[in-house]
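K.L.:
return a 3D structure for these sequence lines:
(2 chains)
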2 protein chains.
Amino acid sequence: MPPPRGAAPPSVEILPVEGLPEIAAGDDLGRLIAERAPALRSGDVVVVAQKVVSKSEGRLRRLSEVRVSARAGRLAARLRADPRMVQAVLDETVRVVRDDRVLIVETRHGFICANAGVDRSNVPGDDVVCLLPTDCDGSAARLRDRILEVTGTRVGVVISDTFGRPWRLGLTNVALGVAGLSATVDYRGQPDDFGMPLHATLVALADEVAGAAELVMGKTRRVPAVVVRGLEADGGDGGGSDLVRPAPLDLFR
Amino acid sequence: MPPPRGAAPPSVEILPVEGLPEIAAGDDLGRLIAERAPALRSGDVVVVAQKVVSKSEGRLRRLSEVRVSARAGRLAARLRADPRMVQAVLDETVRVVRDDRVLIVETRHGFICANAGVDRSNVPGDDVVCLLPTDCDGSAARLRDRILEVTGTRVGVVISDTFGRPWRLGLTNVALGVAGLSATVDYRGQPDDFGMPLHATLVALADEVAGAAELVMGKTRRVPAVVVRGLEADGGDGGGSDLVRPAPLDLFR
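P.N.:
Below you'll find the predicted structure:
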């Protein structure tokens, strides 16, 4: 990845992991996925929705136990939001980017997203919200290692979540955590089809893998994990953090 | 699309269209793709790289014929860029969004991207640049119609290009033009797995399809078209313009 120039173009398949139970804190998510995935092959990439990773890691919070600060109260009044939810977001935040109609923040990981990824959907109980994993690349590496232990197969792992973006409507899945594959493919300096060097083409491979996975995951089908086959994950040691634009390269801070 | 709740999760396949020749102005791109694609099925989505669409439509420009304005000259000096290239970009631009290190502009279509999509890579000749199609949704609809004429099969068509984005490193493929499928899937108000309504979940389906396609297209493999199978394109009359965030909803203008 990138494949050798001139190699036959591969096909890619996106296969659902069916029958996963509702995940709770302490569940052995790697084993649960490994046992239900289509027979895994070396080079497969297993994409896992952030929500089940967070649930397995106990990254849940009861709103009834959140103490609301004055700042969260003011923001909530303006946003017409639940002050406890706003506080839960601020507790995951290092920088508020926008607070006009929706809270767009920078998380501790460096992700810029709505509500710091704190989310109430597909979480049991009225009162519970789900937080992003603390260390998404670490979570991905643990899942990769556990799947290797259970199946003997070395796969790549991507932990995905749906984020919005400026300028374009709609959310797309992106890669929060990555293990066992390169998060980006760097075509810079490679020759194009006419032998001229390509400029400025660093492709966010893991984000495209996450987006592809979403086509099968959907939102309401209880398919929080899929296998992407055909990419031949390179075992690279990249991480989802490679996809976070460093502040000096961000024209839109 | 979205699929019926409870339906078996589908698999998705991404298949290369192999053996396309170099495309020139006036070529019957729809026929060329239809003749080389794996046997098309109703509901398939054919994703076509913008560059071959533009080439077939003659959307090329010789830099030697570009007259450079004073403004382009000043910008080019600051950006250390070819003034003719800067002028070609400005000629496709309705608004300059950033001009610090790279020209990020709004095109006539409303897309916000680097260099208005004007690009020198994979274009024959030192002196020629490729422009985006004038009407990407129209181009997609014509390809859909032509593929239907040639094969008798009704497919969806997505015209894709790679754009950068704020906050995250690396480019991803997005959908510029869409025909024969809904560009977005609206989960808002649908019940989640616990029966609670989902909030704020409008998924940019066509962008995810474009991103998935890029996994097979690559940049240097002469695979400017792929078939995405398993989505069951709904024949919807959405367009790539549905993915352009209207100014009043854009917090980052």
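K.L.:
could you pull out the helices in chain A for me?
P.N.:
According to DSSP state H, chain A carries its helices in the segments A:29-36, A:50-56, A:70-79, A:83-90, A:136-151, A:205-217.
K.L.:
contacts for the first one?
P.N.:
Spelled out, that is helix A:29-36. For helix A:29-36, the surrounding residues in contact (C-beta atoms under 8 Å, 6 or more residues apart in numbering or on different chains) are A:17-21, A:23, A:40, A:46, A:48, A:52-53, A:56, A:142-143, A:145-147, A:149-151, A:225. C-beta coordinates here come from the backbone N, C-alpha and C atoms, glycine included.
K.L.:
next, the angle helix A:136-151 makes with it.
P.N.:
50 degrees (axes from the mean of the first three to the mean of the last three C-alpha atoms, to 10 degrees).
K.L.:
flag every buried residue along helix A:29-36.
P.N.:
Using 16 or more other C-beta atoms under 10 Å in any protein chain shown as the test for burial, helix A:29-36 gives A:Leu29, A:Gly30, A:Leu32, A:Ile33, A:Ala34.
K.L.:
so who does A:Ala183 touch?
P.N.:
A:Ala183 neighbours (C-beta under 8 Å, 6+ apart): A:Ala175, A:Ala204, A:Leu205, A:Ala206, A:Gly236, A:Gly238, A:Gly239, A:Gly240, A:Asp242, A:Leu243, B:Gly170.
K.L.:
residues touching the nearest residue to the second one once chain neighbours are set aside, list them.
P.N.:
Just to be clear, that refers to A:Ala204. Distances taken as C-beta to C-beta, 6 or more residues apart in numbering or on different chains place B:Gly170 nearest to A:Ala204, at 3.0 Å, with adjacent residues excluded. Residues touching B:Gly170, when contacts are defined by C-beta under 8 Å, 6+ apart, comprise A:Ala183, A:Thr184, A:Leu202, A:Val203, A:Ala204, A:Leu205, A:Asp207, A:Leu243, B:Gly164.
K.L.:
on that earlier part again, want to try a markdown table for the helices of chain A, with mean pLDDT and distance to B:Arg74 as columns?
P.N.:
A markdown table is the format used below for these (pLDDT from 0 to 100; distance: least, C-beta to C-beta, whole Å):
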| stretch | mean pLDDT | distance to B:Arg74 |
| --- | --- | --- |
| helix A:29-36 | 98 | 56 |
| helix A:50-56 | 97 | 46 |
| helix A:70-79 | 94 | 42 |
| helix A:83-90 | 96 | 43 |
| helix A:136-151 | 97 | 43 |
| helix A:205-217 | 94 | 35 |
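K.L.:
so which of those helices is the most packed in?
P.N.:
Compared across the helices of chain A, helix A:205-217 shows the largest average neighbour count, a mean of 29 (mean count of other C-beta atoms under 10 Å in any protein chain shown).
K.L.:
with just CA atoms, put that helix into CSV.
P.N.:
The C-alpha atoms that make up helix A:205-217 are tabulated as CSV, following Å, rounded to 0.1, in the frame of the first residue of the first chain:
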residue,chain,number,x,y,z
LEU,A,205,-6.5,5.7,3.2
ALA,A,206,-7.9,4.8,6.7
ASP,A,207,-10.6,7.5,6.4
GLU,A,208,-11.6,6.0,3.0
VAL,A,209,-11.6,2.5,4.6
ALA,A,210,-13.9,3.8,7.4
GLY,A,211,-16.2,5.5,4.8
ALA,A,212,-16.4,2.3,2.8
ALA,A,213,-17.2,0.3,5.9
GLU,A,214,-20.1,2.6,6.7
LEU,A,215,-21.8,1.5,3.5
VAL,A,216,-22.3,-1.9,5.2
MET,A,217,-22.6,-0.8,8.8
